[in-house]
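In: any chance you could fold what I've pasted below:
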Amino acid sequence: MSRVGKNPVPIPQGVTVDLQGQSLKVKGKRGELAFVVHDDVAVTREGSGLTFKPRVESRRARMQWGTARNLVRNMVRGVSDGFTVTLEINGVGYRAQADAKNLKLQLGYSHDIEYPIPAGVQIKATKPTEIEISGADRQKVGQIAAEIRSMRPPEPYKGKGIKYSTETIRRKEGKKK
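Out: The predicted structure is shown next:
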């Protein structure tokens, strides 16, 4: 029995859920997201929430049960509140600038890096050393944050690079004489 799957997904005020067969559309103030639930999982709307149940008793159905429930919960939370990931830039001369279409990064390379901002995601450089990525789709926000971080991941000796604001860099001691 899935501990995650048996909990219903509450639908807050201002969010509309359109359930047609296995396809689900969630609409809120931050946008609209769609998802097709796996055939092994049955979705029903009960009161002000969505409940998920496996259609058959198989290992795959139980795995998809909890997964589908959490993906839909993230969609509902995304269109109502949204998701935000903050990145910090450490290093002398490392900085970021954001405009409407591109994120311009200066990361110690011989050239500046221009990262195009995809639709459905907002990227702001709140400070020259801080980047804020926000949007309704949790997967998309996390993927963009990981791509930007991979352009100059933090190194353990001086701590230079791009890191998540919640991340702790394990520092190493330098060479000894």
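In: how is the protein divided into domains?
Out: Under the assignment automatic domain parsing, the domains of the chain span 9-80, 83-164.
In: pipe the ones you listed into CSV and attach mean pLDDT, distance to residue 170 and mean neighbour count per row.
Out: The C-beta positions use only the backbone N, C-alpha and C, and glycine is treated the same way. As requested, those are exported to CSV (pLDDT from 0 to 100; distance: least, Cβ to Cβ, whole Å; neighbours: other Cβ atoms under 10 Å):
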stretch, mean pLDDT, distance to residue 170, mean neighbour count
domain 9-80, 90, 29, 16
domain 83-164, 93, 6, 16
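In: distance to residue 175 added to those, as TSV?
Out: Listed next are the domains of the chain as TSV, based on distance: least, Cβ to Cβ, whole Å:
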stretch	distance to residue 175
domain 9-80	45
domain 83-164	9
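In: so what's the residue nearest to the spatial centre of the chain up against?
Out: Among the residues of the chain, the one closest to the centroid is residue 138, at 2.9 Å (Cα atoms, centre = their mean). Residues near residue 138 by Cβ atoms under 8 Å, 6 or more residues apart in numbering: 74, 77, 78, 83.
In: and stretch 165-175, average pLDDT?
Out: Averaged over stretch 165-175, pLDDT sits at 90.
In: and it, how far from the chain's centre?
Out: With Cα atoms, centre = their mean, to the nearest Å as the basis, stretch 165-175 stands 24 Å off its chain's centre.
In: also stretch 52-63?
Out: For stretch 52-63, the distance to the chain centre is 26 Å (Cα atoms, centre = their mean).
In: got a list of contacts for that stretch?
Out: Contacts for stretch 52-63 (Cβ under 8 Å, 6+ apart): 1-2, 5, 9, 37, 39-44, 64-65, 68-69, 72.
In: one step back: can you pull the phi/psi pair for the residue nearest to the centre of the chain?
Out: Per-residue torsions, residue 138: phi -60, psi -40 (degrees, to the nearest 10).
In: show me what the closest residue to residue 15 other than its chain neighbours is bridged to.
Out: The spatially closest residue to residue 15, leaving aside those adjacent along the chain, is residue 28, at 4.4 Å (Cβ to Cβ, 6 or more residues apart in numbering). As for beta bridges, residue 28 partners with residue 31 under DSSP bridges.
In: who's in contact with residue 28?
Out: 14, 15, 16, 76, 78, 79, 80, 136.
In: if we go to 10 Å?
Out: Residue 28 makes contacts with 11-17, 75-82, 136, as judged by Cβ atoms under 10 Å, 6 or more residues apart in numbering.
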